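K.L.:
Need coordinates for the below:
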Amino acid sequence: TVADTTPPTVSITAPAAGATVSGTVAVSATASDNVGVVGVQFKLDGANLGSEITVAPYTLAWITTTASNGSHILTAVVRDAAGNTATSAAVSVAVSNAASDTTPPTVSITAPANGTNVAGTFTVSATASDNVGVVGVQFKLDGVNLGAELTAAPYALLWNTTTVLNGPHTLTAVARDAAGNTATTTTVTVTVVNGGI
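P.N.:
Next up, the predicted model:
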């Protein structure tokens, strides 16, 4: 039996050299051998990217957010049953993912003012802003949700104060953004005085 000393061939077909990538992208290669390809291993900057792929098509989904933004090198190593290997030409790509949003919104209650006496139905309002965008403001009365979350400005609701006992109560508002960052207002204390003081 003549030993197989002929190495396989392999080339990366996607992404293209010089491409800018983000999110999840397909990394693909074609490979051939005079006897048969038994595996293709993709590499990112020289380290294995995923597991060896043993059957065509030689494609994997690369989650680029696991790599830093900037230039990275993709290669593919192919092997045949005799142990011959070959490495593809290097493909340089630029990873460009948006930085994660870690900045919380800002929120403040505009009415009622701290120390106010309230009775009947009263408007509770707040202003909120965020570096990307506010997606919701939830008012809280004594730490419990007051009404439903408001998903668009103006952030205001009517509070029927007759549903609580007379006396002091606390109001807060919690704003959140799409990234899940939240912020809570300074507590506003009001005194409910239904039926007179």
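K.L.:
Can you list the low-confidence ranges for the protein?
P.N.:
1, 196-197 (pLDDT under 70).
K.L.:
quick check: domain ranges of it?
P.N.:
Per the record's domain assignment (automatic domain parsing), the chain is made up of the domains 9-95, 106-192.
K.L.:
State the distance spanning the first to the last residue of the last one.
P.N.:
End-to-end distance of domain 106-192: 27 Å, with CA to CA, to the nearest Å as the criterion.
K.L.:
from the chain's centre, how far out does it sit?
P.N.:
Computed by CA atoms, centre = their mean, to the nearest Å, the separation of domain 106-192 from the middle of its chain amounts to 27 Å.
K.L.:
quick revisit: in CSV: the domains of the chain, plus mean neighbour count.
P.N.:
The way it works is simple: take the backbone N, C-alpha and C, and place the C-beta from them, glycine included. Shown next, in CSV, are these (neighbours: other CB atoms under 10 Å):
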stretch, mean neighbour count
domain 9-95, 16
domain 106-192, 16
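K.L.:
Tell me which of these lies nearest to A3.
P.N.:
Across these, A3 has its closest neighbour in domain 9-95 (6.8 Å, CB to CB).
K.L.:
can I get the CA coordinates of stretch 113-129 in PDB?
P.N.:
Provided in PDB are the C-alpha atoms of stretch 113-129 (Å, rounded to 0.1, in the frame of the first residue of the first chain):
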ATOM      1  CA  ALA A 113     -43.600  68.200  45.600                       C
ATOM      2  CA  ASN A 114     -42.100  66.700  48.700                       C
ATOM      3  CA  GLY A 115     -44.100  67.600  51.800                       C
ATOM      4  CA  THR A 116     -47.300  68.200  49.900                       C
ATOM      5  CA  ASN A 117     -50.800  67.500  51.400                       C
ATOM      6  CA  VAL A 118     -52.900  65.700  48.800                       C
ATOM      7  CA  ALA A 119     -56.500  64.700  48.600                       C
ATOM      8  CA  GLY A 120     -58.900  63.300  46.100                       C
ATOM      9  CA  THR A 121     -57.500  62.500  42.700                       C
ATOM     10  CA  PHE A 122     -54.000  63.800  42.200                       C
ATOM     11  CA  THR A 123     -51.600  63.900  39.200                       C
ATOM     12  CA  VAL A 124     -48.300  62.200  39.800                       C
ATOM     13  CA  SER A 125     -45.700  63.000  37.100                       C
ATOM     14  CA  ALA A 126     -42.000  62.500  36.400                       C
ATOM     15  CA  THR A 127     -39.400  63.400  33.800                       C
ATOM     16  CA  ALA A 128     -36.900  60.800  32.600                       C
ATOM     17  CA  SER A 129     -34.000  60.700  30.200                       C
END
